[in-house]
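> Coordinates for the following, if possible.
(one chain, ligands or ions: 1)
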Amino acid sequence: MAAIMNSSSFLTTENLRAGLSLANLLYLVSLWLGYHLLIAAYNISPFHPLYRFPGSKLAATSYLYETYYDWWLVGRYGKRIRRMHEKYGPIVRINPDELHCNDPYFTDEIYASGNRIRDKWQHQLNTGAAGPVSVTEFSTVSHELHRIRKGALARFFSRQQTLKLEGEVHDFAQRTIEKMLRSADKGPFDVKEAFNCFTADIISQYSFGEPMGFIDQDGWEPNFTTWVKSFFKSAYTMRYVAPARILAQFAPLFANYMGENLRAVTRQIAVVIPRYIQKALDNPENGRVFAELMESQMLPEEEKSMYRLSGEGFNLLAAGTETTAATLTCITYYLLSQPEIYARLMKALEGVDPLNLKWTDLEQRPYLWAVIHEALRLTPGVSHRSARIARTEDLIYKSKDERFQWVIPKGVPIGMTSVINHSNEELFPNPDEYIPERWIVDGQPNYALEKFLISFGKGTRSCLGTQLAYCELFLMAAAMAFRVLPRAQLYETSIEDIRYEYDLVVPQTINGSIAARIIIS
Ligand code: HEM
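A predicted model of the protein is given here:
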């Protein structure tokens with residue numbers, strides 16, 4: 001009792017005021033500053049394991065440098081990293097703890113497959129904020145846990161499984177095309193929004209047994225990507241502002257005070273997707289991925305909570321919508337702006353029935369294959385760098401000309417950036433230009449060059465939906481070429497609406513999201 005009395009008398013206004021005096025505050029601030037200065041000094045001292053690696057000293061000193069480019073200037077560190085490589089060589093230190101590589105020949109070492117352990121890095125995953133999205137397979141740090149989570153999902157997205165889905169993808173593609181054609185002579189629209197509706201309905205139908213209904217709604221917007229944009233916009237705040245991550249845990253509690261789109265995305269994660277999953281579980285014959293996932297022996301029971309599954313549901317939609325839609329938009333833009341490429345494509349598609357497209361047949365048309373791969377090169381789904389940690393092995397790097405040799409110590413995050421690899425002038429001369437011909441040798445697809453494409457990532461953490469994405473790309477690109485493009489023209493759209501300028505994890509142009517407005521007559 002005496003102790004309680006003593007502590008309450010200790011908390012008097014006078015005592016608090018004295019404790020918070022200017023002198024004490026200054027003392028605390030200088031302690032904090034001193035601590036950070038010591039860390040900064042250590043970061044650039046010879047005692048730091050990355051001391052030998054080249055790069056800007058400022059970048060190696062603290063995270064403020066990276067924060068300035070990616071948070072303050074918004075997603076601009078990618079371009080800065082590219083300039084660092086021009087100055088310092090193929091491996092550079094880009095922050096106190098991370099290396100970056102721009103040698104495409106080293107891809108399979110960083111993004112290794114099979115049993116070679118590759119963890120992700122929490123600093124990078126912080127863009128995914130908190131809550132259900134932070135416990136998805138995409139956001140898993142540990143190699144071992146990721147294997148369990150991805151293993152359970154992978155069989156739904158194999159090529160064999162995707163071939164069984166082809167009929168549905170074809171049906172959704174044709175319905176999207178019909179809706180576009182109905183808008184003939186009714187003014188311009190952004191074709192990317194139409195593709196967003198197409199991709200979101202497919203992934204939702206496959207995952208939950210029910211499309212989200214975007215193709216059937218009156219216009220093209222809003223759609224899932226409309227809401228997800230605000231999620232991507234907050235990505236760097238989440239990464240660099242730790243209190244924002246803490247607040248994000250409680251997002252559903254203050255949803256009413258958020259902007260319209262952020263409120264909508266919070267509602268999707270907390271209410272709409274759990275409802276879809278519940279319906280899928282109640283209706284297992286029609287419930288598709290999530291109904292089967294619940295029965296999966298590969299996934300331990302503790303991994304099957306509605307909380308975690310709604311994160312996975314959101315992730316599938318977010319990862320499988322904007323990405324494919326952006327690539328299709330890029331294809332549409334280039335086919336409309338470069339008629340000679342369109343003419344070559346139509347020649348290559350001779351004999352194909354536009355109303356009965358077959359993925360496996362379309363894949364055998366090398367020029368269509370080239371048109372798609374050149375778009376994937378220029379518009380990769382994820383344009384932000386993606387680091388891996390080789391936890392158990394040092395990585396030995398030697399440049400092709402043997403000028404540079406490095407041992408990357410185990411445990412150090414090292415990554416690549418698709419937009420940097422894809423503009424390698426030796427592999428892709430005139431890298432800023434759209435040239436499908438570079439993907440064809442002796443009339444056949446250039447599979448050797450394809451090895452250098454990292455649009456879908458590589459190794460154990462590569463894209464789960466690669467086969468579904470290809471199925472959508474082949475069927476929709478061909479359907480557009482036959483049915484829409486002969487009657488369409490670009491409207492107030494230039495290369496500036498397509499060309500990568502910065503990233504919000506996904507590529508952005510100088511005018512914001514990738515877009516191509518078209519008019520159909
Ligand atoms: C053109 C279309 C697409 C592109 C370019 C693309 C690109 C990528 C990339 C680069 C990654 C790896 C990201 C990283 O390194 O952290 C990734 C991961 C992922 N993608 Fe895609 N994606 C596309 C379509 C899809 C589709 C249709 C789905 C639907 C299922 C999907 C689902 C996923 C998932 C779940 C992951 C996480 C994989 C993991 O962590 O193991 N993606 N995607």
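
> Leaving out chain neighbours, which residue sits closest to I389?
D119 (4.3 Å; CB to CB, 6 or more residues apart in numbering). The C-beta positions use only the backbone N, C-alpha and C, and glycine is treated the same way.

> pretty sure that neighbour is touching A387, no?
No. Applying CB atoms under 8 Å, one finds D119 not in contact with A387, separated by 9.5 Å.

> phi, psi of the residue nearest to I389?
Here is the backbone geometry of D119 (degrees, to the nearest 10): phi -90, psi 160.

> what's the answer for R93, then?
phi -90, psi 120.

> For it, give me its contacts.
Counting by CB atoms under 8 Å, 6 or more residues apart in numbering, R93 touches 50, 53-55, 59-60, 99-100.

> Just the ones of the residues you listed in helices?
59-60 (DSSP state H).

> Between the contacts of R93, which sits nearest the ligand?
Distance to the ligand across those (CB to the nearest ligand atom) is lowest for H100, with 13.7 Å.

> Read off the pLDDT value for the closest one.
pLDDT, H100: 98.

> For it, name its beta-bridge partners.
Counting by DSSP bridges, H100 forms beta bridges with V92, G415.

> And for it, the neighbour number?
26 (other CB atoms under 10 Å).

> any idea how far G415 is from it?
Going from H100 to G415 by CB to CB, to the nearest Å gives 6 Å.

> Now the common contact residues for the two.
Shared contacts of H100 and G415, counting by CB under 8 Å, 6+ apart, come down to R385.

> could you pull out the strands for the stretch 51-200 of the chain?
Secondary structure of the stretch 51-200 of the chain (DSSP state E, counting those that start in this stretch): strands at 91-95, 98-101, 189-190.

> out of the contacts of R93, who's nearest E437?
Distance to E437 across the contacts of R93 (CB to CB) is lowest for H100, with 30.7 Å.

> which residues touch that closest one?
81, 84-85, 91-94, 385, 414-417.

> what ranges do the helices span in the stretch 101-250 of the chain?
107-110, 122-125, 143-154, 159-182, 191-208, 224-233, 235-240, 242-249 (DSSP state H, counting those that start in this stretch).

> So which of those is the most surrounded?
helix 191-208 (a mean of 26; mean count of other CB atoms under 10 Å).

> contact partners of stretch 412-421?
49-50, 78, 81-82, 85, 91, 97-102, 104, 107, 110-111, 121, 123-124, 380, 382-390, 395, 408, 452, 454-455, 500, 503, 507.

> no wait, stretch 317-327
138, 192, 195-196, 198-200, 202-204, 207, 224-225, 228, 231, 268, 273, 372, 375-376, 379, 381-382, 455, 463-465, 468-469, 472-473, 506-507, 514.

> List the buried residues of that stretch.
Neighbour counts using 16 or more other CB atoms under 10 Å place 317-327 of stretch 317-327 among the buried residues.

> of all those residues, which comes closest to W220?
A325 (10.8 Å).

> so the closest one is in which element?
Assigned by DSSP states H and E, A325 falls within helix 306-337.

> when you compare where that helix runs with where helix 191-208 runs, what's the angle?
150 degrees (axes from the mean of the first three to the mean of the last three CA atoms, to 10 degrees).

> as a whole number, average confidence for whichever helix or strand comes after helix 306-337?
The helix or strand immediately downstream of helix 306-337 is helix 339-348, counting by DSSP H and E. For helix 339-348, mean pLDDT rounds to 98.

> helices and strands around helix 339-348, which ones?
helix 306-337, helix 366-378 (3 or more CB pairs under 8 Å, 6 or more residues apart in numbering; DSSP states H and E).

> Quick one: name whatever helix or strand follows the shortest one.
It stands for helix 366-378. strand 386-389.

> need the contact list for R159.
Q467.

> Around the ligand, which positions in the chain sit nearby?
Contact residues, the chain versus the ligand (CB under 6 Å from any ligand atom): 137-138, 150, 157, 203, 315-316, 319-320, 323-324, 327, 380-382, 386, 455-457, 461-465, 468-469.

> Just the buried subset of these, written out for ChimeraX, thanks.
Of the residues of the chain next to the ligand, the buried ones can be selected in ChimeraX as follows, counting by 16+ other CB under 10 Å:
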select :137,138,150,157,203,315,316,319,320,323,324,327,380,381,382,386,455,456,457,461,463,464,465,468,469
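
> With respect to G351, which of the helices of the stretch 101-250 of the chain lies nearest?
Of all these, helix 159-182 comes closest under CB to CB, at 17.7 Å.

> So the residue nearest to V135 when sequence neighbours are not counted versus the ligand, what's the distance?
Leaving out its chain neighbours, the residue that sits closest to V135 by CB to CB, 6+ apart is R308, at 4.9 Å. Distance of R308 to the ligand, computed by CB to the nearest ligand atom, to the nearest Å: 14 Å.

> Same check on G213?
Relative to the ligand, and taking CB to the nearest ligand atom, G213 is found at 19 Å.

> Find me the pLDDT at the closest residue to that residue other than its chain neighbours, would you?
Closest residue in space to G213, ignoring its immediate chain neighbours: D201 at 7.2 Å, by CB to CB, 6+ apart. Per-residue pLDDT puts D201 at 98.

> can you list the weak-confidence ranges in the stretch 101-250 of the chain?
129 (pLDDT under 70).

> wait, what's in contact with whichever residue of it sits closest to the ligand?
Closest to the ligand within the stretch 101-250 of the chain is F138: 3.9 Å, counting by CB to the nearest ligand atom. By CB under 8 Å, 6+ apart, the residues touching F138 are 128, 315, 319.

> repeat for R288
Per CB under 8 Å, 6+ apart, neighbours of R288: 205-209, 280.

> ok, for E393, nearest residue in space, not its chain neighbours?
K410 is the one closest to E393 (CB to CB, 6+ apart), at 5.6 Å.

> Can you report how many residues lie near the one you found?
13.

> That one belongs to a helix, doesn't it?
No. Read with DSSP: H, G, I helix; E, B strand; the rest coil, K410 is coil and lies in no helix.

> Quick one, grab the pLDDT at the residue lying closest to P274 once chain neighbours are set aside.
Nearest non-adjacent residue to P274, counting by CB to CB, 6+ apart: S310, 4.6 Å away. We note a pLDDT of 94 for S310 in this prediction.

> roughly how far apart are S310 and the ligand?
On the measure of CB to the nearest ligand atom, S310 and the ligand end up 14 Å apart.

> List the buried residues of stretch 265-285.
So, applying 16+ other CB under 10 Å, buried residues of stretch 265-285: 265-270, 272-274, 276-281.

> Which of those residues fall within helices?
Those of the buried residues of stretch 265-285 lying in helices (DSSP H): 265-267, 273-274, 276-281.

> now those residues as CSV including pLDDT?
Converted to CSV, those look like this (pLDDT from 0 to 100):
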residue, pLDDT
V265, 84
T266, 86
R267, 88
I273, 93
P274, 94
Y276, 93
I277, 93
Q278, 92
K279, 90
A280, 89
L281, 89
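
> of these, closest to the ligand?
Taking these together and measuring to the ligand by CB to the nearest ligand atom, the closest member is I273, at 14.2 Å.

> residues in contact with the closest one?
310, 313-314, 317.

> Tell me where the stretch 351-500 of the chain has helices.
359-362, 366-378, 418-421, 447-450, 466-479.

> Which residue does the chain have closest to the ligand?
For the chain, CB to the nearest ligand atom, closest residue to the ligand: G465, 2.2 Å.
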